[in-house]
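1. Generate a structure from the sequence data that follows.
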Amino acid sequence: MKISNGVLGHIVLNVADLKKSERFYHDVLGLKVSARNLQTKMTFMSYGREHHDIALQALPKGAKHVSGKGMAKLHHFCIYVDKNEIIDQLYPILKRRKIPVVSGPETLVVAGNRSVSFLDPDDNRVEIACNANKFKWDNRKKR
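-> Numbering: from 1, shown residues only. Here you go, the predicted model:
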């Protein structure tokens, strides 16, 4: 059996500093804390439609991210927005906060959508892209 109609459920990131990452994802991407698990040192963050869109897992004490030559643990994840203007409005905020921009803002050749990519506090690549169609036919209950 193969999955023929899926959508991204959520992303879980290992983070070095849970509070710093919470602030980044709240202040830059607008996610709100939906729950915390103090026992496992996790924070769950959401745009409000799902319990969590992104979960942040604190690295165990003394553990470090894997570094060196080779492929990254995560290439990137994408959050869709409904208007191209949001991409262009976000860019100066990223620059002002000295958040490293990897690419954009640009209109992608293949998809034809507006996009900007940047790094979070743990150097995970985050893409914000316009996909108006995702919102046009979204019948989920709005909260």
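2. Which element, helix or strand, includes the spatially most central residue of the chain?
-> Central residue of the chain (CA atoms, centre = their mean): residue 126, 5.0 Å from the mean position. Per DSSP states H and E, residue 126 falls inside strand 125-130.
3. next one: residue 87
-> Counting by DSSP H and E, the element that carries residue 87 is helix 84-96.
4. Can you name the element that comes right after that helix?
-> strand 101-107.
5. and residue 20, what does it touch?
-> By CB atoms under 8 Å, 6 or more residues apart in numbering, residue 20 lies in contact with residue 121. All C-beta spots, glycine's among them, are computed from the backbone N, C-alpha and C.
6. For it, report the pLDDT, please.
-> At residue 20, the predicted lDDT confidence score is 95.
7. ok, it to residue 120 distance?
-> 9 Å (CB to CB, to the nearest Å).
8. swap in residue 109?
-> To residue 120, residue 109 is 25 Å away according to CB to CB.
9. Which one's more surrounded, those two?
-> Of the pair residue 109 and residue 120, residue 120 is the one with more neighbours under other CB atoms under 10 Å, namely 21 against 6.
10. The more buried one contacts residue 24, correct?
-> Yes. Contact criterion CB atoms under 8 Å: residue 120 and residue 24 qualify, at 5.6 Å.
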